[in-house]
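Asks: sequence and predicted model, in that order:
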Amino acid sequence: MRRARPRGDGQSWVTFLQNHVAWAYDFVQTYDIRSREVFVLFFLDLRRRRVVHAAVTYAPSDEWVRVASSERHHGCCAGDCVCDRDAKLGARFARVLASSGARVVRIAPGAPDMNAFAERFAGTLLRELLDHVLLFSEDHLRRLVAEFVRF
């Protein structure tokens with residue numbers, strides 16, 4: 001009797017993350033006191049398990065993300081970078097990372113567990129900070145997030 005071969009010939013997602021992925025990116029959406037959407041883009045260094053950069057804006061776009069990532073990654077982002085399929089993390093963002101020697105790995109649609117570290121930080125930021133304050137402006141949120149990241 002032949003043993004059935006396990007499904008999938010490649011490595012598991014967890015093994016891939018442990019072996020290759022160095023960075024994770026994601027957005028957190030919240031609202032200010034006037035009910036306007038405000039977005040926080042954050043970059044996680046998965047090898048050191050820390051947030052290395054967070055940027056805040058009312059109107060995220062592919063161009064804004066490109067500028068925010070190029071400010072942070074001037075040649076220091078080697079390895080794979082995992083992010084979701086959000087349109088804000090588009091082709092310009094991928095080109096900035098590629099010029100830094102990184103490769104963008106997009107997670108499957110509807111599978112936030114594939115970017116678990118970023119989702120965990122996003123949830124912590126919401127539960128521990130953003131659910132407890134009234135945001136007055138983009139600048140106010142920027143200061144709060146910077147202090148939270150330092151903490």
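Replies: That came through fine. For clarity, every value in this text was computed on a predicted model and none was experimentally measured.

Asks: any idea how far H140 is from the residue nearest the centre of the chain?
Replies: The centre of the chain sits closest to Y25, judged by Cα atoms, centre = their mean, with a distance of 1.6 Å. Applying Cβ to Cβ, to the nearest Å, one obtains 23 Å for the distance of Y25 from H140. All C-beta atoms are positioned from the backbone trio N, CA, C, and that covers glycine.

Asks: next one: V40
Replies: For V40, the distance to H140 equals 12 Å [Cβ to Cβ].

Asks: tell me which of those two has more neighbours.
Replies: Ranked by neighbour count (other Cβ atoms under 10 Å), V40 and H140 place V40 first, with 24 against 16.

Asks: what's the closest non-adjacent residue to that one?
Replies: V28 (4.4 Å; Cβ to Cβ, 6 or more residues apart in numbering).

Asks: next, the one you found: secondary structure please.
Replies: Judged by DSSP: H, G, I helix; E, B strand; the rest coil, the three-state class of V28 is strand.

Asks: what pLDDT is listed against it?
Replies: For V28, the pLDDT comes out at 92.

Asks: try the one 3 residues further on
Replies: According to the per-residue confidence, Y31 scores 95 in pLDDT.

Asks: contacts only, for it.
Replies: Going by Cβ atoms under 8 Å, 6 or more residues apart in numbering, Y31 touches E37, V38, L135.

Asks: rerun that using 10 Å as the cut-off
Replies: Applying Cβ atoms under 10 Å, 6 or more residues apart in numbering to Y31 gives the contacts E37, V38, L130, L134, L135.
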